[in-house]
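>>> With the sequence up front, the predicted model follows.
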Amino acid sequence: MTQTTKTVTLDNPIVRGEQTITTIELRKPDSGSLRGVTLTDVLQMDVNALFVVLPRISTPALTKPELLQMDPADLLQLGSEVTVFLLPKSAKVDVSPAA
């Protein structure tokens, strides 16, 4: 079964007013969420491409100012999960232990 959401725990939480955001839930992007970016840019984790896609697929929805201030390690975590969503099933390796 294909996972359609992934929760990422941030190394450096985002403060939004009175709220502190420690986790971001990402959903698998559909084609509409990828409009305006090239797939190769997303797969290469191009920062500008991630700044377009992440607000569309994150809960809570990340804002551009939050992304601009985000720790690079957290952006890398989020970008890595986005790229995993885009891989075809044939490219994913089953890491579960053999029966």
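Yep, that arrived. Numbers count the residues shown, from 1 in each chain.
>>> buried ones in the helix ranked longest in the chain?
Ordering each helix of the chain by length in residues (DSSP state H) puts helix 72-86 first. Neighbour counts using 16 or more other CB atoms under 10 Å place 74-75, 77-79, 81-82, 85 of helix 72-86 among the buried residues. Any C-beta I mention is one placed from the backbone N, CA and C, and that applies to glycine too.
>>> what's it packed up against?
Under the contact criterion of 3 or more CB pairs under 8 Å, 6 or more residues apart in numbering; DSSP states H and E, helix 72-86 touches strand 5-16, strand 19-27, helix 39-43, helix 47-57.
>>> of those, which approaches S90 most closely?
When the helices and strands packed on helix 72-86 are compared by CB to CB, helix 39-43 sits nearest S90, at 15.5 Å.
>>> Report the contact partners of the residue nearest to D41 when sequence neighbours are not counted.
Excluding its sequence neighbours, the residue lying closest to D41 (CB to CB, 6 or more residues apart in numbering) is A49, at 3.8 Å. Contact partners of A49, counting by CB atoms under 8 Å, 6 or more residues apart in numbering, are 37-38, 41-42.
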